[in-house]
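Undergrad: Quick one: sequence plus predicted model below, questions after.
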2 protein chains.
Amino acid sequence: MRFDRPFEQYALGERHRSRGRTITEADIVQFAGVSGDFYPLHMDGEYAKRTPFGERIAHGMLTLSAATGLWMMEPGVVLAFYGIDSLRFVRPVKIGDTIYVESEVKRLTERGEEAGLVTVHQRIVNQREETVVDAVVHVLVAREGKAP
Amino acid sequence: MRFDRPFEQYALGERHRSRGRTITEADIVQFAGVSGDFYPLHMDGEYAKRTPFGERIAHGMLTLSAATGLWMMEPGVVLAFYGIDSLRFVRPVKIGDTIYVESEVKRLTERGEEAGLVTVHQRIVNQREETVVDAVVHVLVAREGKAP
């Protein structure tokens, strides 16, 4: 999503598609280090061969985290990541897959004089346009003239 | 949560508190690198001083990712991270804060002959026992004798 302007400037139904990002083996190793999640589905190729996935897959939380890195966030706009609803990890992301974030603004809610909540339906898709993650995300953005 | 046994062995109302993890500045820097999220609230101390938080805070997704690293996951048990509902980032996590994951099993749902869904209410708390993240998480675990 483009969080690049104050609350007043978003429109319901507005859509955005992010640039892509290829999820590499290095990303999985680095993410295991920072999260502390070394579960063998991500880290043990021999184990992963015996699962329905057939190979190591990216942590769901890595895919979701990389999506926030694909958001366009202008300084002074995003006040806080407010929450997530109805998130489903629909398909695995394999090493070498490229993800894109497809967003649509679903709801705009005033939150006092300083902020507004932008609610977005976010689909993370792969290079075959298959949905890998489907979720609703809520981001608190500054109102006009209220940037930090 | 302890995902350390097959589906048949969980009980509704079962609770677990994880060990702690201190979220350090190094975690924030490393998480920015792997996620690609360099938003100034996390990376620019001078910017952060002007926000209500008063200082740099951890990415919400870092806190959530670190929680999965605090889960106890026995190989052969967790088949997939299925989804998240009703997640709210309630309070900031500041550099030096220590988080713990408090879990309670809320629902147990059979998913065919191989798997079952364990639905957990997960509260991430800090060293003052304040909730920082509140969410419902769903994890697909193997049924007895069905481990990969």
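TA: Perfect, thanks for sending it. Residues are numbered from 1 along each chain as shown, chains lettered A, B, ... in the order given.
Undergrad: Please enumerate the strands of chain A.
TA: Secondary structure of chain A (DSSP state E): strands at A:2-3, A:15-17, A:21-22, A:72-73, A:78-89, A:98-111, A:115-125, A:131-142.
Undergrad: so which of the ones you listed comes closest to B:Thr131?
TA: The stretch from the strands of chain A with the least distance to B:Thr131 (C-beta to C-beta) is strand A:78-89; that distance is 12.9 Å. C-beta here means a position set from N, CA and C on the backbone, and glycine is covered the same way.
Undergrad: Centre-most residue in chain A?
TA: A:Ala67 (2.9 Å; C-alpha atoms, centre = their mean).
Undergrad: For that one, give its distance to chain B.
TA: For A:Ala67, the distance to chain B (C-beta to the nearest C-beta, to the nearest Å) stands at 9 Å.
Undergrad: try A:Pro92
TA: In terms of C-beta to the nearest C-beta, A:Pro92 sits 8 Å off from chain B.
Undergrad: beta partners for the closest residue in space to that residue that isn't next to it in sequence?
TA: The shortest distance from A:Pro92 to any residue other than its chain neighbours is 4.1 Å, reached at A:Ile57 (C-beta to C-beta, 6 or more residues apart in numbering or on different chains). Beta-bridge pairing of A:Ile57 under DSSP bridges involves A:Lys94.
Undergrad: can you redo the strands of chain A as TSV with mean neighbour count, mean pLDDT and distance to B:Lys146?
TA: Rendered in TSV, the data for the strands of chain A read as follows (neighbours: other C-beta atoms under 10 Å in any protein chain shown; pLDDT from 0 to 100; distance: least, C-beta to C-beta, whole Å):
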stretch	mean neighbour count	mean pLDDT	distance to B:Lys146
strand A:2-3	19	96	43
strand A:15-17	14	98	39
strand A:21-22	15	98	33
strand A:72-73	16	96	43
strand A:78-89	21	98	20
strand A:98-111	17	98	30
strand A:115-125	21	98	29
strand A:131-142	21	98	25
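Undergrad: nearest to B:Ile84, of those?
TA: The closest of these to B:Ile84 is strand A:78-89. By C-beta to C-beta, the value is 4.2 Å.
Undergrad: ok, A:Arg123 - contacts?
TA: By C-beta atoms under 8 Å, 6 or more residues apart in numbering or on different chains, the contact set of A:Arg123 is A:101-103, A:131, A:133-134.
Undergrad: now do A:Ile84
TA: Taking C-beta under 8 Å, 6+ apart as the criterion, A:Ile84 is in contact with A:135-138, B:84, B:87, B:135.
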